[in-house]
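Student: Structure for this input, please:
(one chain, ligands or ions: 1)
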Amino acid sequence: MGGQAFLIGGGIGSLTAAAFIVRDGGMPGSSIAILEAAPLMGGSLDGAGDAERGYSLRGGRMLTTDNYECTWDLYKSIPSLQHAGKSVFEETVEFNERHEANSMARLVDRRRARVPVTSMGFSMQDRMELLKLTNADEDALGSSAITDLLSPSFFETEFWFMWATTFAFQPWHSAVEFKRYLHRFMLEFSRIETLAGVKRTVFNQYDSLVLPLQAWLVAQGVRLITDCRVTDMDHKTVDGQFIVTALRCTRQGQSEMMTVDDGDLVFMQNGSMTDASSLGSMTSAPPALTKTDSNGWTLWETLAQGRPEFGNPAAFNSCIAQSCWESFTVTLKNPGFFDAMQRFSGNEAGTGGLVTFKDSNWLMSIVLAHQPHFANQPADVQVLWGYGLLPDRIGDFVAKPMADCNGAEILQELCGHLRFDLDTVRSANCIPCRMPYITSMFMPRALADRPLPVPRGSKNFAFISQFVEIPGDVVFTVEYSVRAAQTAVYQLLGLTRPIPPITPHDQSLRTQFEALIKSFK
Ligand SMILES: Cc1cc2nc3c(=O)[nH]c(=O)nc-3n(C[C@H](O)[C@H](O)[C@H](O)COP(=O)(O)OP(=O)(O)OC[C@H]3O[C@@H](n4cnc5c(N)ncnc54)[C@H](O)[C@@H]3O)c2cc1C
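Tutor: The predicted structure follows:
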């Protein structure tokens, strides 16, 4: 196959698209260029720092092997960097066999008691409403919010606290998306309290997913170009078909034009959940950036003007108050916190998954991953990650909104909920991270607000992101970006290899699920 491929954005969507183009499309890697505005590839799947400066992660990811069909389809072909002779898929499966998730302290209440979660807390009305939402037609739900379908009491149930904090839903988010989660992750419904279905990578996802893929792409000759923001596209319309003819970039501060010839392809990452994210420190809160600081949405906004088939970015990026939350990464050089947490939760690090302080004003959760969590992490250092889904609220132990807190204040709030002595976080480095668009993909939206991976009438141009429409699949997942990549690549290259279908757990489990909801108290 001749021609070149340009991929705008270097998130996992573009990286996997490049790999599909090489592996399944047979194009030489040297014909592919990935253009990323940031200094590193990986996009939202970041992981940075060291024991001295402190580590930071915007996110920690839960994966499953019962879903994530496209992700594992690719990672079965990508060699691990840690385990010679194994693929990343094999390495991940073996790691999870050794470290099975079995949370014993999923929810903690205001008395610091572990909440028994054998009951989901449903009333009869909650059960009926949930069943109705599960069975609702997406067209009928339209752009409604979850609160349009479920009564206030539902948001007090143990089920809501577990489901919402596992997947980062808010009551005002899209009912369609919530419904899709119930179907896609139906297997998790009966094990949400132990998180037994959750799979983790060996290290953080930058080390365990991005770096091996990047190494494989480089070995194929793919050009990874950082510090390169695509600011505009030249295009023409021939016989009603949209054709990109050039990319306008700012590369290391210099303007540059890349010509897109006949037969070349362009893939663009439209929108990012970590756009305009910012880091704080032990002594400063993260600055409150918006899209005007980042220009991250501009290209999609420009292209979508007057082209309804390219979607409607305003549906996702117009209300930071509804899409913002904050995470934090803590680097510890004193085992006191991990030891106390293990005694309290009954879980060794790496087996517990999320611990959520369900009554906390910030709706705070923490995760103690298996250590080391970074490939370069010394044995006497521990790293934990946490988040607050309601950072605009005053804390319970710090009289400030989380958004205004520095790392030291976040540690004070965390130790307050756990009734841990502050000595357990002695010499800790807590780096907060504000993410104004982190749940922008969950905003209520109409079907037409998201373009198809290959929009109608496009000849050489596709979108790959969390903001495209893939029937039946769920956003806020690595899988969604990879499925978008595989779909866009296969369609533009005319490949006939089947894309792994979404596993229909909901169909095989449907009767059991309905019985389960009816039986849960
Ligand atoms: C806190 C957090 C928790 C998460 N938890 C989970 C989880 O538990 N399970 C799970 O599966 N997923 C989870 N995710 C989601 C997952 O990480 C994302 O869905 C995925 O990484 C998105 O990848 P992407 O390639 O689509 O976009 P991104 O990673 O956002 O990449 C887009 C890239 O494009 C670049 N870009 C944009 N415009 C331009 C331009 N004009 N020119 C050049 N470059 C441009 C951006 O700089 C960015 O690097 C989580 C994410 C976060 C942040």
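Student: wait, isn't Leu182 in contact with Asn135?
Tutor: No: Leu182 lies out of contact with Asn135 (CB atoms under 8 Å); the separation is 10.0 Å. Bear in mind the C-beta positions are built from the backbone N, C-alpha and C, glycine included.
Student: More neighbours: which of the two?
Tutor: For the pair Leu182 and Asn135, the greater number of neighbours falls to Leu182 (19 against 10), based on other CB atoms under 10 Å.
Student: Report the closest residue of the stretch 151-300 of the chain relative to the ligand.
Tutor: Going by CB to the nearest ligand atom, the ligand is nearest to Ser272 of the stretch 151-300 of the chain, at 3.2 Å.
Student: can you tell me which residues contact the residue nearest to that residue when sequence neighbours are not counted?
Tutor: Spatial nearest neighbour of Ser272, chain neighbours left out: Gly296 (5.7 Å); criterion: CB to CB, 6 or more residues apart in numbering. Shown in contact with Gly296 (CB atoms under 8 Å, 6 or more residues apart in numbering): 37, 271-272, 275-276.
Student: Turn the residues you listed into JSON lines, including neighbour count and secondary structure.
Tutor: Output for those, formatted as JSON lines (neighbours: other CB atoms under 10 Å; DSSP: H, G, I helix; E, B strand; the rest coil):
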{"residue": "Ala37", "neighbour count": "23", "secondary structure": "coil"}
{"residue": "Gly271", "neighbour count": "25", "secondary structure": "coil"}
{"residue": "Ser272", "neighbour count": "25", "secondary structure": "coil"}
{"residue": "Asp275", "neighbour count": "22", "secondary structure": "coil"}
{"residue": "Ala276", "neighbour count": "23", "secondary structure": "coil"}
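Student: out of the residues you listed, what pair is the most spread apart?
Tutor: Across the contacts of Gly296, no pair lies farther apart than Ala37 and Gly271, at 13.0 Å, counting by CB to CB.
Student: which residue sits closest to Arg61 in space, ignoring its chain neighbours?
Tutor: Nearest to Arg61 is Gln205, by CB to CB, 6+ apart, at 5.1 Å.
Student: From Lys459, how far out is that neighbour?
Tutor: From Gln205 across to Lys459, the span is 34 Å (CB to CB, to the nearest Å).
Student: ok, the two, which is more surrounded?
Tutor: Gln205 (23 against 18).
Student: list the contacts for that one?
Tutor: Going by CB under 8 Å, 6+ apart, Gln205 touches 45, 47, 59-61, 478.
Student: wait, the residue of the stretch 151-300 of the chain closest to the ligand sits on Gly13?
Tutor: No: between Ser272 and Gly13 there is no contact under CB under 8 Å: 9.6 Å.
Student: Which neighbours do the two have in common?
Tutor: Shared contacts of Ser272 and Gly13, counting by CB under 8 Å, 6+ apart, come down to 43, 465.
Student: Tell me where the stretch 201-350 of the chain has strands.
Tutor: 223-225, 228-238, 241-251, 254-259, 265-268, 278-279, 325-332 (DSSP state E, counting those that start in this stretch).
Student: Return the residues of this structure in contact with the ligand.
Tutor: Residues of the chain lying near the ligand by CB under 6 Å from any ligand atom: 8-13, 35-38, 43-45, 58-59, 61-63, 229-230, 269, 272-274, 296, 299, 327, 438, 465-466, 476-479, 481.
Student: Could you list the low-pLDDT ranges of this structure?
Tutor: 1-2, 508-510, 512-513, 516-521 (pLDDT under 70).
Student: If we use 80, what do you get?
Tutor: 1-2, 506-521 (pLDDT under 80).
Student: Does Cys433 belong to a helix, a strand or coil?
Tutor: strand (DSSP: H, G, I helix; E, B strand; the rest coil).
Student: got the contact list for it?
Tutor: Cys433 sits next to 56-58, 277-280, 286, 326-329 when contact means CB under 8 Å, 6+ apart.
Student: how close does the residue lying farthest from the centre of the chain sit to Tyr206?
Tutor: Outermost residue of the chain with respect to the C-alpha centroid, by CA atoms, centre = their mean, is Asp239; its distance is 38.4 Å. Applying CB to CB, the value for Asp239 to Tyr206 is 44 Å.
Student: Same question for Gly240.
Tutor: 42 Å.
Student: The stretch 1-150 of the chain: strands as residue ranges?
Tutor: Using DSSP E, counting those that start in this stretch, strands in the stretch 1-150 of the chain cover 5-8, 32-35, 48-50, 54-56, 107-108.
Student: Please enumerate the strands of the stretch 351-500 of the chain.
Tutor: Under DSSP E, counting those that start in this stretch, the stretch 351-500 of the chain gives strands at 354-357, 364-367, 382-388, 429-435, 461-463.
Student: which stretch among the ones you listed comes nearest Leu493?
Tutor: Closest to Leu493 of those is strand 461-463 (CB to CB; 10.2 Å).
Student: Show me what the closest one is packed against.
Tutor: strand 241-251, strand 265-268, helix 478-493 (3 or more CB pairs under 8 Å, 6 or more residues apart in numbering; DSSP states H and E).
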